[in-house]
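Novice: quick one, fold the following:
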Amino acid sequence: MSKQFSALGVSAPILKALGELNIVEPTEIQQKTIPLLLSESHDVVGLAKTGTGKTAAFGLPLLQLINTEINTVQAVILVPTRELGQQIFRNLEDFGKHIPNISIASTCGGIPIKPQIERLSQPTHIVVATPGRLIDLIQRKAVDLKQAQYLVLDEADEMVSILKESLDEIVAELPKKHRTLLFSATLPGTIKQLIQNYLNKNVVQISADMETSGNQGIDHEYIVVDPIEKLDVLMHFLNSKDGERGIIFCKTKAAVNKLAKNLAINRFSSGALHGSLSQGIRDRIMEQFREGHINILVATDLAARGIDVKEISYVVNYHLPDTYENYVHRSGRTARAGAKGLSLTVLQEEEVTEIPEFEKELGIKFTKFQKPSVISLEENNTLLWAKQIFKTKPNHDISADLKTKIKTVFHHLTKDELIEKLMANYVLQNKVEITEKPVKKFKK
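Specialist: Numbering: from 1, shown residues only. Below is the predicted model:
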């Protein structure tokens, strides 16, 4: 049965903003969390998978609990990456736009600190920050957290190692009596230790949407390939998804760069995202992806945190993730906001034995994705070759005399005859076997 936000105790200004954003139906984690945060004083652990609305689950109550008549930082939200921080900042701005005088600041790493120091010199109620940047601001005495009543650790399982080093220093700046709200998609042992060390012993744990990997709309599939054919199989899959948006996950920055280069050579609309890129480049690539100017992101796990794009129809695990938690976060990039999506994992034969372990740990079921035939792969490579020719820009530095001579060689051929000869030459040069079937198969 529908349980509207008003029944959860959400105030009129926030309800108005939600209505303008066409957000009507609370998710499970929101239904369970919002009333608790508004009416109780316990520390809270919220467990819900990626894409289930955790930001609103803690963001709406925080906005409502802020006293805008007091110009001090009252809430700190820690996030693993600047991308996620920017996403949360934008969401809070949207949710709170009808709350008079509410002031929210984003102070994440990867960009110059001076403008953030200047921003924090103005009245600020909520600070969204990455741990490292917040500590830097604390050490520079640019932010005062002595009145902060709320500490939110969002996507805590993604920043455990960071928090181990920095949380003591941050908590030392907060009043002894403050409320900690920890949100995570998974609950590994390291997070349990964090809860034991930093949250009140009377902490309330909320679980929602935990039956599957976070979304009933995700199809979990795997495909088994030989190393030599891995790239060809991926290209075949991407061609079948022409026009759709997706993310391909690799383990390392080097792998991201190598794969992104191959996609560019084959004229796929793509971009690379990893931690060694400057923040300006990362922001530009993300904006191009959000706006639909590029369709494919090749990314490392951490770089892809904070990507909240509803129209991502698939993710590809080009390399098997190291942890179950990473698989949850990867697959959670697709099938957002009630949509359907595909999470495809590319495996070598010796890795197939790991699939049952992922199924058992995450409570999901994988199905086998049919590998294309050798003929089909060669057809696809030929199509990619044709697209490369089609999308190649003319070289205006070639002399007119040479162009005339080349045109003379081909002038008596029809378009169909020229295509036939080009294809025959491609087959000869690449020693592929795609001539058993009629030529019409190359037409889309």
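Novice: ok, Pro227 touching Gln348?
Specialist: Yes. The criterion here is Cβ atoms under 8 Å, and Pro227 meets it with Gln348 at 6.3 Å. Quick note: C-beta positions are derived from backbone N, CA and C, even for glycine.
Novice: Leu384: how many residues sit nearby?
Specialist: For Leu384, the neighbour count with other Cβ atoms under 10 Å is 18.
Novice: so what's it up against?
Specialist: For Leu384, the contact set (Cβ atoms under 8 Å, 6 or more residues apart in numbering) comprises 235, 239, 266-267.
Novice: so it sits in a strand?
Specialist: No. Under the criterion used here (DSSP: H, G, I helix; E, B strand; the rest coil), Leu384 is helix, not part of a strand.
Novice: going through the contacts of Leu384, which ones are buried?
Specialist: The neighbour-count test (16 or more other Cβ atoms under 10 Å) applied to those identifies 235, 239, 266 as buried.
Novice: what comes into contact with stretch 95-104?
Specialist: 13-14, 16-18, 21, 56, 59-60, 63, 66, 68, 71, 89, 92-93, 122-128.
Novice: cool, and stretch 164-182?
Specialist: Applying Cβ under 8 Å, 6+ apart, the contact partners of stretch 164-182 are 37, 41-46, 58, 76, 78, 131-132, 134-135, 138, 145-153, 156, 191, 194-195, 198-200.
Novice: I'd like to know how many residues surround Lys32.
Specialist: Lys32 - counted by other Cβ under 10 Å - has 19 other residues nearby.
Novice: give me the element it is part of.
Specialist: If you go by DSSP states H and E, Lys32 is part of helix 28-39.
Novice: how about Thr72: what's its closest non-neighbour residue?
Specialist: Among residues not flanking Thr72 along the chain, Gln147 sits closest, at 4.0 Å (Cβ to Cβ, 6 or more residues apart in numbering).
Novice: sec struct for the one you found, please.
Specialist: Here Gln147 is coil, with the state taken from three-state DSSP.
Novice: wait, it sits on Ala75?
Specialist: No. Between Gln147 and Ala75 there is no contact under Cβ under 8 Å: 10.3 Å.
Novice: who has more neighbours, these two?
Specialist: The residue with more neighbours, out of Gln147 and Ala75, is Ala75; 26 against 14, by other Cβ under 10 Å.
Novice: excluding its backbone neighbours, what's nearest that one?
Specialist: According to Cβ to Cβ, 6+ apart, the nearest residue to Ala75 is Tyr150 (4.0 Å).
Novice: can you report how many residues lie near the one you found?
Specialist: There are 21 residues near Tyr150, going by other Cβ under 10 Å.
Novice: so it versus Glu93, what's the distance?
Specialist: 18 Å (Cβ to Cβ, to the nearest Å).
Novice: equivalent analysis for Lys340, please.
Specialist: For Lys340, the distance to Glu93 - Cβ to Cβ - is 30 Å.
Novice: quick one, what contacts Leu78?
Specialist: Residues near Leu78 by Cβ under 8 Å, 6+ apart: 129-131, 134, 151-154, 159, 163, 170.
Novice: highest neighbour count among those?
Specialist: Greatest neighbour count in the contacts of Leu78, by other Cβ under 10 Å, goes to Leu153: 28 neighbours.
Novice: residues contacting it?
Specialist: Counting by Cβ under 8 Å, 6+ apart, Leu153 has contacts 78, 159, 163, 180-184, 194.
Novice: tabulate the residues you listed in CSV, adding columns for distance to Glu379 and secondary structure.
Specialist: Output for these, formatted as CSV (distance: Cβ to Cβ, whole Å; DSSP: H, G, I helix; E, B strand; the rest coil):
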residue, distance to Glu379, secondary structure
Leu78, 50, strand
Met159, 45, coil
Leu163, 50, helix
Thr180, 57, strand
Leu181, 54, strand
Leu182, 51, strand
Phe183, 47, strand
Ser184, 45, strand
Leu194, 52, helix
